[in-house]
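**Q** No letters, just coordinates:
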């Protein structure tokens, strides 16, 4: 009996604790319901959309509140997590995805076509196509009615054939309907402008990835979106990008693998240009405020282009004459062509970054003259980065002499990575040391920092972008890199270079 009484008391205490917890939960629930809408939205904004979806499933009260998460980003992970496999039948999965999106949105509609809720971002990322257009159209209606600032549609994997691509009804974004839309991100679909299209009033950023669009429609889209500041085109096949009208707001332009034959824009306030494509006629001569340009030339059938050096020497200075900072990917072939020259120069170029991929062995230093000619095109150059990738084959016991070239009166800083005994590299470095009359420092690094493989604009190695070389975790030095360091010390160990040269 004495043993049972404490147990009874313990049970009573536990029951009181459970009742107290239920009361706390009940009070919290009531208090949440009494909170203002903007406070509830703030609470939701601190959760992921996946957590909000789960909460709505578990709580009927929350679901009836109709409070919307500010970032409606519907992806495969939002609803299915890792339960979808490569062998899963896509049709029932797409149907289930659509059902779940509609279940989230349904409580947020005031009527069939209006909503009192507002969102910042509305994104759908799932493999859908033209056969699902009824649902996608309604989602676009919801996004504009809820005054979404950013709308994203990534339907990659949904259309097997081009005729199955979903066609975005841009009329739903034109005029007052899309007044709040400031950013559009479209992927794996089709854009066709209706005859009545009047532009997207406040659109500032447009990204098209794997989008089918006619060159004329794109031109009209750019002209009618008067506040467009940023345009990205990735894998959008088209023949030309020509806009004769003034694009005074455009500040950022990126073109990657679209197969364009000509780019001609009147963009006086363009500050950043990224180009990653085949040799193209580029006409941005009016872009006098251009600060940064990144250029990677491709061949239509290969990873690299064989005529890029001649293009850089003869065409690029007139294409982007005002650029301040230039990043170039250069492939050195076995046989270098005779270098052409132009009277045009990069009149504002202060910083030049060359990522040089030497894919065959060179038997002499003739290829280096192409680099000397590039430096000659930049009379005001102050900073130079040379990042080299090659097979490190060269003669260690040869006599190194500087290649000929003009003087440089403004070059102050040079950083070379991938330095080795390869024919021409030491000769180029010696030329710079002897001809840059105000040179303050040259860093020679035998480590290959430049990445191998398919070149693209986002792959550039740059000390200037990252800060300083100390921020990079240096790998273990290989035998070949030690050999490159010894070769550099042997060639450059001179009193005249002692206060300028650092060999890492």
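**A** Structure's in. What do you need? As the structure is a computational prediction, the values presented were derived from the model and not from experiment.

**Q** what are the phi and psi angles of residue 287?
**A** When read as degrees, to the nearest 10, the backbone of residue 287 gives phi -80, psi 80.

**Q** and the closest residue in space to it that isn't next to it in sequence, what is it in contact with?
**A** In this structure, residue 287 finds its nearest non-sequential neighbour in residue 270, 4.1 Å apart by CB to CB, 6 or more residues apart in numbering. In this view, the C-beta of every residue, glycine as well, is placed from N, C-alpha and C. Going by CB atoms under 8 Å, 6 or more residues apart in numbering, residue 270 touches 250-253, 284, 287, 289-290.

**Q** Which secondary structure state is assigned to residue 270?
**A** When classified by DSSP: H, G, I helix; E, B strand; the rest coil, residue 270 comes out as coil.

**Q** just residue 78 next, same as before
**A** Going by three-state DSSP: residue 78 is helix.

**Q** what's the spacing between it and residue 365?
**A** From residue 78 across to residue 365, the span is 58 Å (CB to CB, to the nearest Å).

**Q** Same drill for those two, tell me which one is more crowded.
**A** residue 78 (22 against 18; other CB atoms under 10 Å).

**Q** Please report how far the residue nearest to residue 101 when sequence neighbours are not counted lies from residue 100.
**A** In space, and not counting its chain neighbours, residue 101 is closest to residue 74: 5.1 Å by CB to CB, 6+ apart. Using CB to CB, one gets 8 Å for the distance from residue 74 to residue 100.

**Q** mind listing what residue 253 touches?
**A** Residue 253 sits in contact with 230-232, 265, 267, 270, 272-274, where contact means CB under 8 Å, 6+ apart.

**Q** do residue 411 as well
**A** Applying CB under 8 Å, 6+ apart, the residues contacting residue 411 are 375, 381-384, 432, 436, 438-439.

**Q** repeat for residue 432
**A** Residue 432 neighbours (CB under 8 Å, 6+ apart): 384, 408, 411, 414, 439, 442.

**Q** Which element, helix or strand, includes it?
**A** helix 425-435 (DSSP states H and E).

**Q** That helix: what's the following helix or strand?
**A** strand 441-445.

**Q** does the nearest residue to residue 73 once chain neighbours are set aside count as helix, strand or coil?
**A** Sequence neighbours aside, residue 123 is the residue nearest to residue 73 in space, at 4.3 Å (criterion: CB to CB, 6+ apart). Recorded secondary structure, residue 123: strand (three-state DSSP).

**Q** Same drill for residue 74 and residue 100, tell me which one is more crowded.
**A** A side-by-side neighbour count of residue 74 and residue 100, using other CB under 10 Å, places residue 74 first with 22 against 16.

**Q** Pull out the buried residues from the one helix or strand that one maps to.
**A** Per DSSP H and E, residue 74 falls inside strand 71-75. Using 16 or more other CB atoms under 10 Å as the test for burial, strand 71-75 gives 71-74.

**Q** Now the two most distant members of these.
**A** Using CB to CB, the buried residues of strand 71-75 reach their maximum pairwise distance at 71 and 74, which is 10.4 Å.

**Q** Pull the number of nearby residues for residue 436.
**A** Here the number of neighbours of residue 436 (other CB under 10 Å) works out to 22.

**Q** That one - nearest residue in space that isn't next to it in sequence?
**A** Residue 436 sits nearest to residue 411 (CB to CB, 6+ apart), 4.1 Å away.

**Q** returning to that earlier point: report the buried residues of the helix holding residue 432.
**A** Buried, per 16+ other CB under 10 Å, within helix 425-435: 425-433, 435.

**Q** Stretch 440-448 now?
**A** Neighbour count says stretch 440-448 has 442-448 buried, by 16+ other CB under 10 Å.

**Q** Equivalent analysis for stretch 143-160, please.
**A** The neighbour-count check on stretch 143-160 (16+ other CB under 10 Å) flags 143-155, 158-159 as buried.

**Q** just stretch 486-497 next, same as before
**A** Applying 16+ other CB under 10 Å to stretch 486-497 flags 487-488, 491-492, 497 as buried.

**Q** And the closest residue to residue 477 other than its chain neighbours, how far from residue 384?
**A** Leaving aside its chain neighbours, residue 477 sits nearest to residue 447 (7.3 Å; criterion: CB to CB, 6+ apart). Noted for residue 447: a distance of 18 Å to residue 384, by CB to CB.

**Q** do the same with residue 401
**A** Taken as CB to CB, the span from residue 401 to residue 384 is 20 Å.

**Q** So between these two, which is more surrounded?
**A** residue 384 (24 against 11).

**Q** mind listing what the closest residue to the more buried one other than its chain neighbours touches?
**A** Distances taken as CB to CB, 6+ apart put residue 414 closest to residue 384, at 4.8 Å, once the chain neighbours are dropped. By CB under 8 Å, 6+ apart, the contact set of residue 414 is 383-386, 429, 432, 436, 439, 441-443.

**Q** mind checking how far residue 414 is from residue 120?
**A** 46 Å.

**Q** what about residue 120, distance to residue 72?
**A** Counting by CB to CB, the gap from residue 120 to residue 72 is 9 Å.

**Q** no no, residue 296
**A** 36 Å.

**Q** and what of residue 196?
**A** From residue 196 to residue 72 the distance is 28 Å (CB to CB).

**Q** what's the answer for residue 250, then?
**A** Taken as CB to CB, the span from residue 250 to residue 72 is 29 Å.

**Q** on contacts alone, who are the packing partners of the host helix or strand of residue 242?
**A** Assigned by DSSP H and E, residue 242 falls within strand 240-246. Counting contacts by 3 or more CB pairs under 8 Å, 6 or more residues apart in numbering; DSSP states H and E, strand 240-246 packs against helix 215-224, strand 262-266.
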